[in-house]
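[1] coordinates only, sequence not included:
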């Protein structure tokens, strides 16, 4: 099996490749090659027996995407995206990367003809939903995004459904909750602080909290995100019918509950390293985001959420310890 | 006021221009010019005092659209589209005209800069919805189209919302019911027979009915469609918030009820000119279409439906009599 990962240098992409390499098989077949693509060349240690081809390029460039698809990967994971804050600040870049990139990918797959119909797993986002919400948000609620990023993701979902319906690709779209705790440094996503308020205090640093303690959010761990991707790649898609995109299960937690879990796991001193500094721009963006879902459809086809936020904190600490 | 009508040679476009010319004003201001554009040059009699510039071109050509927008119309009506049956048969053409055309239009408007923010009325369709449905379909139900045409319309709605939210345009999207009775000849839309079974018998001709008598559909008259367009052009858009697209009010009628209304208005002999000839392809497309809506949001902002199907039949007969 050949696997193409778009957005392979990102946090979830790297964890996905680690998992694929560790499992050695996908859907019962041996993984022979992984094409790892991103805007910067992904750095991946080549394991024995698996060809790893890392490359860098612009997903909004048609020829680049076509060349990747011409290797006829059996599975494609499309994780590449401009994050929400950047897509809001740079309108053209957001549409180019997040929308045009997806269309080039789908067209490149279609251009391969009838005998090629790979499984395409697309990472969408709960940002496809916008206030006013029903609560919890069910599987029949409209996509009414309040950001350009959410708009682009919603458009990609519609394209994925239509290309799948026409038989050009076998697509599954998964709307990831906000991934917490992301390792490393803050990024340009407006949601970056959700990880920062756990990650920085655990690393002995001060974290800035730009929103109120009663803000509620929908989160999943990095390990769950990779689990969702693997399940989406190997599940029976007949059960999805024409609606190929699913809200993934998550935990609905408030900032106060997140901080309390951090206190429970790591103590008062760590939890005390959070400084409240309200940011009107971030508050406004986050206020437009959904809080609680009924992800019943995803659950009914085998996707499962994290057990508790304290577990998510502990998993992050174990990851960091393993990293050394 | 300068007005641009894209899709001006179509049935609704022509009726819209007739109405604009008859009214002489829009939103209380004098109409000075109408740019009438379509893939074939619209034939419009120039009335006194109004400059009519008719032109033909490809809406999927960026430069063509830019040139139309550079005249800085105050109101833009975007009615141009490849119909459902053709968009399903020619995948590339559907995306080129129905999706790329809209993006070029929005980009051309945005390129004019901050001091230009025209009202853009976009004709969407109930084809953005796909089975399984809630019944009636409310204003918070998801867009899950089962045709490429519906997908393209749903994508245009998302773009219209995002460009409006960013302040680049002042958009209103109206999801038209199936327009019945369309005058003239059958077209390539899978819904063409809904008009045919009324129009042809009234003209002394046999009509083919390709679906069962209990098929239920959501319809509005051509006059109502033009009324929706005019209201969308002149309404206060602040009340819409970020959700600029609305399901228009319609009548929910079965084929049997339509035929009964025809019988009531025109008699047994006319109603007897309908021949049942089931067509599996059309039956399958129509089975994926919605039947009944709760168009509460549109009603709350002033859009109103036809009173009865018999009224729609009578209005068609009056139109045909006026045509001579």
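    Great, that's in hand. Please read these numbers as outputs of a predicted model, since none were measured by experiment. Residues are numbered from 1 along each chain as shown, chains lettered A, B, ... in the order given.

[2] looks like residue A:146 contacts residue A:132 (just checking).
    No - using C-beta atoms under 8 Å, residue A:146 is not in contact with residue A:132, being 10.4 Å away. Placement of C-beta: from N, CA and C, glycine included.

[3] these two - which one has more neighbours?
    The residue with more neighbours, out of residue A:146 and residue A:132, is residue A:146; 23 against 11, by other C-beta atoms under 10 Å in any protein chain shown.

[4] residues touching the more buried one, list them.
    A:130-131, A:288, B:165, B:242 (C-beta atoms under 8 Å, 6 or more residues apart in numbering or on different chains).

[5] is the longest helix along chain A up against chain B anywhere?
    Secondary structure of chain A per DSSP state H: the longest helix is helix A:148-165. Yes - using C-beta under 8 Å from any C-beta of the partner chain, we find that helix A:148-165 touches chain B at A:148, A:151, A:154-155, A:158-159, A:161-162, A:165.

[6] closest to residue A:26 among those residues?
    Comparing the residues of helix A:148-165 next to chain B against residue A:26 with C-beta to C-beta places residue A:161 closest, at 23.5 Å.

[7] tally of neighbours for the closest one?
    By the measure other C-beta under 10 Å, the count of residues near residue A:161 is 25.

[8] pull up the gap between it and residue B:8, please.
    Distance, residue A:161 to residue B:8, by C-beta to C-beta, to the nearest Å: 32 Å.

[9] give me the buried subset of the residues of helix A:148-165 next to chain B.
    A:148, A:151, A:154-155, A:158-159, A:161-162, A:165 (16 or more other C-beta atoms under 10 Å in any protein chain shown).

[10] hmm, back to that, now for residue A:146 and residue A:132: what residues contact both?
    By C-beta under 8 Å, 6+ apart, no residue touches both residue A:146 and residue A:132.

[11] can you pull out the helices in the stretch 101-250 of chain A?
    For the stretch 101-250 of chain A, the helices defined by DSSP state H, counting those that start in this stretch occupy A:101-111, A:148-165, A:192-202, A:222-234.

[12] for the stretch 1-150 of chain A, what lies in contact range of chain B?
    Residues of the stretch 1-150 of chain A lying close to chain B by C-beta under 8 Å from any C-beta are A:91, A:130, A:134, A:140-146, A:148.

[13] the longest helix of chain A packs against which elements?
    Where contact means 3 or more C-beta pairs under 8 Å, 6 or more residues apart in numbering or on different chains; DSSP states H and E, helix A:148-165 is packed against helix A:84-89, helix A:91-94, helix A:101-111, strand A:119-125, strand A:170-176, strand A:245-247, helix B:148-165.

[14] quick one on the thing from earlier: so for residue B:262, which of the helices of the stretch 101-250 of chain A sits nearest?
    Among these, helix A:148-165 sits nearest to residue B:262 (C-beta to C-beta), with 35.2 Å.

[15] relative to helix A:101-111, how tilted is that closest one?
    Between helix A:148-165 and helix A:101-111, the angle comes out at 10 degrees (axes from the mean of the first three to the mean of the last three C-alpha atoms, to 10 degrees).

[16] return the set of buried residues in the least confident helix or strand in chain A by mean pLDDT.
    The weakest-scoring helix or strand in chain A, judged by mean pLDDT, DSSP states H and E, is helix A:280-287 (a mean of 88). Residues A:282, A:285-286 are the ones in helix A:280-287 that count as buried (16+ other C-beta under 10 Å).

[17] out of those, which one sits closest to chain B?
    Nearest to chain B among the buried residues of helix A:280-287 is residue A:285, at 12.3 Å by C-beta to the nearest C-beta.

[18] that closest one and residue A:88, how far apart?
    Counting by C-beta to C-beta - residue A:285 and residue A:88 are separated by 7 Å.

[19] now do the shared contacts for the two.
    The contact lists of residue A:285 and residue A:88 share A:147, A:190, where a contact means C-beta under 8 Å, 6+ apart.

[20] quick one, what contacts the residue nearest to residue A:205 when sequence neighbours are not counted?
    Sequence neighbours aside, residue A:273 is the residue nearest to residue A:205 in space, at 6.8 Å (criterion: C-beta to C-beta, 6 or more residues apart in numbering or on different chains). When contacts are counted by C-beta under 8 Å, 6+ apart, residue A:273 touches A:200-201, A:204-207.

[21] distance check, the nearest residue to residue A:109 once chain neighbours are set aside against chain B.
    Spatial nearest neighbour of residue A:109, excluding adjacent residues (C-beta to C-beta, 6+ apart): residue A:169 at 5.1 Å. The gap separating residue A:169 from chain B is 13 Å, by C-beta to the nearest C-beta, to the nearest Å.

[22] same question for residue A:223.
    From residue A:223 over to chain B (counting by C-beta to the nearest C-beta), the distance is 29 Å.

[23] wait, that residue touches residue A:315, no?
    Yes - applying C-beta under 8 Å as the test, residue A:223 and residue A:315 come out as touching, 6.0 Å apart.

[24] still on that earlier bit, how about the helices and strands packed on helix A:148-165, which one is nearest residue A:14?
    strand A:119-125 (13.9 Å).

[25] enumerate the residues of the stretch 201-324 of chain A near chain B.
    A:242-243.

[26] now with 10 Å?
    Proximity of the stretch 201-324 of chain A to chain B is confined to A:241-245, A:288 under the rule C-beta under 10 Å from any C-beta of the partner chain.

[27] from these, which would you call buried?
    Buried among those by 16+ other C-beta under 10 Å: A:243-245, A:288.

[28] want to throw the residues you listed into CSV with distance to residue B:33 and pLDDT?
    Formatted as CSV, these follow (distance: C-beta to C-beta, whole Å; pLDDT from 0 to 100):
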residue, distance to residue B:33, pLDDT
A:243, 45, 98
A:244, 46, 98
A:245, 44, 98
A:288, 39, 76
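
[29] hmm, which two among those are most spread apart?
    A:244 and A:288 (25.3 Å).

[30] where in chain A is pLDDT low?
    Nowhere does chain A drop to pLDDT under 70.

[31] hmm, 90 instead?
    Across chain A, the ranges flagged by pLDDT under 90 are A:44-49, A:83-85, A:114, A:184-191, A:284-291, A:305, A:322-324.

[32] would you agree residue A:38 is in contact with residue A:7?
    Yes - the pair formed by residue A:38 and residue A:7 meets the contact definition of C-beta atoms under 10 Å, at 5.8 Å.

[33] joint contacts of the two?
    In terms of C-beta atoms under 10 Å, 6 or more residues apart in numbering or on different chains, residue A:38 and residue A:7 are both contacted by the residues A:13-14, A:59, A:79-80.

[34] biggest separation within these, which pair?
    Across these (C-beta to C-beta), the longest gap, 17.2 Å, separates A:14 and A:59.
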